[in-house]
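>>> Pasting a predicted model and its sequence here:
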Amino acid sequence: MNKKILAFVGMPGAGKTEAAECLSKKGIPFVRFGEFVEEGVRAQGLPITAENERKIREEFRKELGMAAMAIKAMPILRGLFKKHNTIAIDGVYSWEEYVLLKKEFPELVLIHIFAEPQKRYERLSKRSVRPLSVKAYERDAAELEKLNKGGPIAIADFLIENNGDNIEDFYKKIDQILARLNINLP
């Protein structure tokens with residue numbers, strides 16, 4: 001049995017969520033780590049804003065350490081992995097998350113979604129969900145410096161370049177990775 005957890009890594013606006021949604025359309029369930037932060041914001045009765053998300057992220061990491069999102073996701077991931085041969089994660093951010101996930105799930109495969117900064121910034125300025133709220137470069141720097149995000153990106157098993165605007169081309173690249181991994185779709 002070829003069981004895999006596909007974890008998408010990359011900078012904001014590269015296409016991680018789009019990649020996870022592509023897999024979802026193929027019947028592969030996914031967990032978006034950012035959802036835990038949004039749930040935390042809502043639980044405190046706060047509006048979803050970049051400032052409130054940062055506040056909750058920092059609280060989670062103060063309580064649980066840099067692997068906080070992976071810790072929060074673990075019960076869901078275990079449950080999904082018992083039922084499905086392949087699942088996906090949208091957004092492994094820290095090195096500590098990666099280490100914890102790899103220890104628990106040796107089947108973990110990192111897929112780096114890469115887009116040039118100008119393309120990402122353009123996308124971030126246009127998206128309706130989680131839009132750009134600070135200068136894009138500052139957001140990149142904060143994620144690299146404060147989240148230990150560079151490690152999982154640097155050691156990714158696969159790279160998908162996503163500078164184009166044609167979503168079908170992007171989906172074909174994802175399909176090529178699935179084929180290389182011998183993943184049978186549900």
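In hand now; what should we look at? Fair warning: this is a prediction, and the values are worked out from it, not measured in the lab.
>>> what residues does stretch 36-53 touch?
With CB atoms under 8 Å, 6 or more residues apart in numbering as the test, stretch 36-53 has contacts from 34, 55-57, 59-60, 69, 72-73, 133-134. Heads up, the C-betas are built off the backbone N, CA and C, glycines and all.
>>> Buried among these? Make that a PyMOL selection.
Selecting only the buried entries of the contacts of stretch 36-53 in PyMOL, with 16 or more other CB atoms under 10 Å as the criterion:
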select buried, resi 34+55+56+57+60+69+72+73
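>>> Quick check: the farthest pair among the contacts of stretch 36-53?
Farthest-apart pair in those is 73 and 134; separation 25.7 Å (CB to CB).
>>> thinking again about what came up before, and the contacts of stretch 36-53, which is the shakiest by pLDDT?
Lowest in pLDDT among the contacts of stretch 36-53 is residue 133, which has 53.
>>> In the protein, what residue spans correspond to strands?
Along the chain, the stretches classed as strands by DSSP state E are 4-9, 30-32, 86-90, 108-114, 158-161.
>>> Tabulate the contacts of stretch 36-53 (CSV), appending distance to residue 26.
Shown next, in CSV, are the contacts of stretch 36-53 (distance: CB to CB, whole Å):
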residue, distance to residue 26
34, 21
55, 35
56, 31
57, 30
59, 35
60, 31
69, 24
72, 25
73, 21
133, 32
134, 34
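>>> Spatially, what comes nearest to residue 32 if we skip its sequence neighbours?
Counting by CB to CB, 6 or more residues apart in numbering, residue 32 lies nearest to residue 90, which is 4.0 Å off, once chain neighbours are set aside.
>>> Check the gap between the one you found and residue 73 for me.
Distance of residue 90 to residue 73, computed by CB to CB, to the nearest Å: 10 Å.
>>> Please apply the same query to residue 163.
Residue 163 is 29 Å from residue 73, where distance means CB to CB.
>>> Also residue 28?
From residue 28 across to residue 73, the span is 16 Å (CB to CB).
>>> Cheers, nothing more for now.
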